[in-house]
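**Q** my questions concern the predicted model and sequence given below.
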Amino acid sequence: MTAIAGGIPYIDPNVEHVGVSKLRTLNATNLSKFRKTFVIQDNDTPLAVLLNYEQFLIIQSKLQSLLNTIDLLMRKEDAQAVLAGLADLEAGRARSLGEILAEKKEQES
Amino acid sequence: MAGQRVVLTEKAERTLIALRDQARARQDTNSFPATRDLLVELENCADPFAPARALVGGLSTVFQIDNGVIRLYYTRLGSTVPTIAILHITHQITPRTAPYSVFAQLILSGRYDDLFRKLGVPVPDECQNGAKPTLQ
């Protein structure tokens, strides 16, 4: 449970706090239909989190996107180059790869 | 959606030609083939605009792909027949195997030293041997 602005508690209905014994009830059939997130606890101590494989991939992808963005913003030269690329595109300064390579080939022949 | 159209912005075109010329002059024989291969891979990519390739926030329309040597930043041009527009080509890439190195770089940049000091966390240049750690 997380408090949101204004002190109103937020309860995520997809997150369930369950005991370790819940693991014994899981099998291939119900895991394949599993859409919730279980916080597995021993008494009141959280030990592990169980979530759907696709959900994990989404989280991983979001984390990777965030890291990639930070990585770009940390390298000012590259960040400026990306923005310059966007400005080029907006101004119509772009050519197809085939056209560029064909032109170079022609110049050299 | 394979065999897509790829266009290069003026800046990206200049980089591509420079890499090609360097390869011809044998100053850097690795980067141009790596860029060419990556462009071909992107052309034939099933889903070049997959959410995992996108950046976030104000840069969410920008995507990236790398092959360990070269990284391409690109965006989508047009909606009915999507075209891949290459914005920037770079060699300076962070290894994919070490995503948290990005956070390490952030810390080592010194940008947050004051914050760390306020929190009582020793900053890297205050290590006992006095040498500032560097990333490999």
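**A** Done, it's in. Values in this document were obtained by computation on a predicted structure and should not be read as measured data.
**Q** from here on, contacts and neighbour counts on C-alpha atoms
**A** Will do.
**Q** next secondary structure element downstream of the lowest-mean-pLDDT helix or strand in chain B?
**A** Across the helices and strands of chain B, mean pLDDT, DSSP states H and E gives its lowest value to helix B:101-108, namely a mean of 72. As assigned by DSSP states H and E, the chain's next helix or strand after helix B:101-108 is helix B:113-118.
**Q** ramachandran angles for A:Val15?
**A** phi -110, psi 130 (degrees, to the nearest 10).
**Q** got a list of what the residue nearest to it when sequence neighbours are not counted touches?
**A** Distances taken as Cα to Cα, 6 or more residues apart in numbering or on different chains place A:Thr37 nearest to A:Val15, at 4.7 Å, with adjacent residues excluded. When contacts are counted by Cα atoms under 8 Å, 6 or more residues apart in numbering or on different chains, A:Thr37 touches A:14-16, A:49-52.
**Q** how about the helices in chain B?
**A** B:10-24, B:31-43, B:101-108, B:113-118 (DSSP state H).
**Q** weakest of the ones you listed in terms of mean pLDDT?
**A** Among the helices of chain B, helix B:101-108 carries the lowest mean pLDDT, at a mean of 72.
**Q** what does chain B put close to chain A?
**A** Residues of chain B lying near chain A by Cα under 8 Å from any Cα of the partner chain: B:5-13, B:51-56, B:59, B:73, B:85-88, B:90, B:94, B:99-100, B:102-103, B:106.
**Q** now list the buried members of those.
**A** Buried members of those, scored by 16 or more other Cα atoms under 10 Å in any protein chain shown, are B:5-13, B:51-56, B:73, B:85-88, B:90, B:94, B:102.
**Q** helix or strand: which one has the residue nearest to the spatial centre of chain A?
**A** By Cα atoms, centre = their mean, chain A has its centre lying nearest to A:Lys62, at 1.4 Å. Assessed by DSSP H and E, A:Lys62 sits inside helix A:53-74.
**Q** quick one, that helix and helix B:101-108 angle?
**A** 40 degrees (axes from the mean of the first three to the mean of the last three Cα atoms, to 10 degrees).
**Q** what about the strands in chain A?
**A** Secondary structure of chain A by DSSP state E: the strands cover A:2-3, A:9-10, A:15-19, A:37-42, A:45-50, A:94-96.
**Q** now tabulate these in a markdown table and tack on mean pLDDT.
**A** What follows is the strands of chain A, written out as a markdown table (pLDDT from 0 to 100):
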| stretch | mean pLDDT |
| --- | --- |
| strand A:2-3 | 60 |
| strand A:9-10 | 86 |
| strand A:15-19 | 94 |
| strand A:37-42 | 95 |
| strand A:45-50 | 95 |
| strand A:94-96 | 92 |
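**Q** quick one, phi/psi of B:Val69?
**A** Torsion angles, degrees, to the nearest 10, at B:Val69: phi -120, psi -50.
**Q** tell me the pLDDT at it?
**A** Looking at B:Val69, the pLDDT reads 86.
**Q** around chain B, which positions in chain A sit nearby?
**A** A:61-62, A:64-71, A:74, A:78, A:81-82, A:84-86, A:88-89, A:93-97, A:100.
**Q** what do you get if the cut-off is 7 Å, keeping everything else the same?
**A** Counting by Cα under 7 Å from any Cα of the partner chain, the positions of chain A adjacent to chain B are A:61-62, A:65-69, A:71, A:81-82, A:85-86, A:88-89, A:93-97.
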